[in-house]
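Enquirer: got a predicted structure here, sequence first:
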Amino acid sequence: MARPPRLLTLGAALVLTAVLSACTADAETPAPLPSTPVVQLGAPGEPNRTLSPEEAAALGSPEHIEADTVFVRDMLHHHAQAILMTGFVPDRTADEDIRMLAARMDTSQQDEMKQMEKWLQDRGEPVRDPDAAHDAHAGMPGLLTEAELAELEAAEGAEFDTLFLEYMIRHHEGAIAMVHELFEANGGQEPEIGVIARHVEADQEIEIERMKGMLAER
């Protein structure tokens with residue numbers, strides 16, 4: 001038996017209403033906000049901050065600035081001197097703790113140099129600034145002078161051990177100062193350079209504490 005015309009019309013109306021409601025909901029529903037917490041790293045000495053979903057959604061991906069490029073080039077030079085210093089160790093001391101410390105530093109800093117060189121290359125930046133003067137790195141925090149390098153190279157045994165630790169602590173403190181200067185210049189906002197800078201800071205802080213302990217033992 002055929003359905004009454006009124007019932008047929010009512011059924012069609014209900015289907016149409018459901019379809020229109022679904023379309024309207026789809027059109028008016030805003031894009032979902034990020035559900036994973038996003039933490040904004042604080043400047044040195046300041047706490048990190050968890051962004052609200054609205055703040056996280058509005059974030060773009062910051063690009064590197066000139067301060068980032070200068071920091072990486074300077075840190076490459078800084079690391080190169082540290083590797084020169086660790087290169088003195090095998091022939092000048094029999095202290096196994098010093099030798100192991102130097103070997104670890106040599107490996108970690110060479111790895112960081114490769115990462116920093118790649119960072120520059122990926123952004124079309126020359127590894128060395130072609131317009132910089134020959135002594136552009138003079139006065140960089142923690143760097144040894146030519147006379148201090150010569151003094152370290154000439155030392156042996158216990159004298160070398162003490163001098164190496166004292167100079168390397170100062171050298172590491174200089175690298176940490178460079179990280180702080182980067183953030184004070186509003187650098188380090190690009191994600192990758194921020195990770196590099198904070199890794200340098202954390203790694204060198206750990207080694208400073210280790211070297212201070214070794215120095216106290218002597």
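Expert: Good, I have the coordinates.
Enquirer: would you map the strands across the protein?
Expert: In the chain, the segments counted as strands under DSSP state E are 38-40, 49-51.
Enquirer: confidence-wise, which of these is weakest overall?
Expert: Note on the strands of the chain: lowest mean pLDDT is at strand 38-40, with a mean of 63.
Enquirer: run through who's touching stretch 68-76.
Expert: 112-113, 116-117, 119-120, 123, 125, 127-129, 137, 140, 175, 178-179, 181-182, 187-188, 190, 193, 196-197, 200 (C-beta atoms under 8 Å, 6 or more residues apart in numbering). Backbone N, C-alpha and C define where each C-beta goes, glycine included.
Enquirer: quick check on the residues you listed: which are buried?
Expert: Neighbour-count burial (16 or more other C-beta atoms under 10 Å) is assigned, among the contacts of stretch 68-76, to 112-113, 116, 119-120, 125, 137, 140, 175, 178-179, 181-182, 187-188, 190, 193, 196-197, 200.
Enquirer: any chance you could map the helices in this protein?
Expert: 5-28, 53-58, 66-87, 89-92, 96-122, 146-154, 157-184, 191-217 (DSSP state H).
Enquirer: show the contacting residues for the nearest residue to residue 178 once chain neighbours are set aside.
Expert: Spatial nearest neighbour of residue 178, chain neighbours left out: residue 141 (5.8 Å); criterion: C-beta to C-beta, 6 or more residues apart in numbering. For residue 141, the contact set (C-beta under 8 Å, 6+ apart) comprises 173, 174, 175, 177, 178, 181.
Enquirer: and residue 162, by the same measure?
Expert: So residue 162 contacts 215, 218 (C-beta under 8 Å, 6+ apart).
Enquirer: so residue 165 sits against residue 213, correct?
Expert: No - shown here, residue 165 and residue 213 do not form a contact pair, counting by C-beta atoms under 8 Å, at 9.8 Å.
Enquirer: quick one, which of these two is more surrounded?
Expert: The neighbour comparison of residue 165 against residue 213 (other C-beta atoms under 10 Å) goes to residue 165, with 21 against 11.
Enquirer: ok, the more buried one to residue 106 distance?
Expert: 16 Å (C-beta to C-beta, to the nearest Å).
Enquirer: domain boundaries for this structure, per the record?
Expert: 1-30, 35-60, 66-217 (automatic domain parsing).
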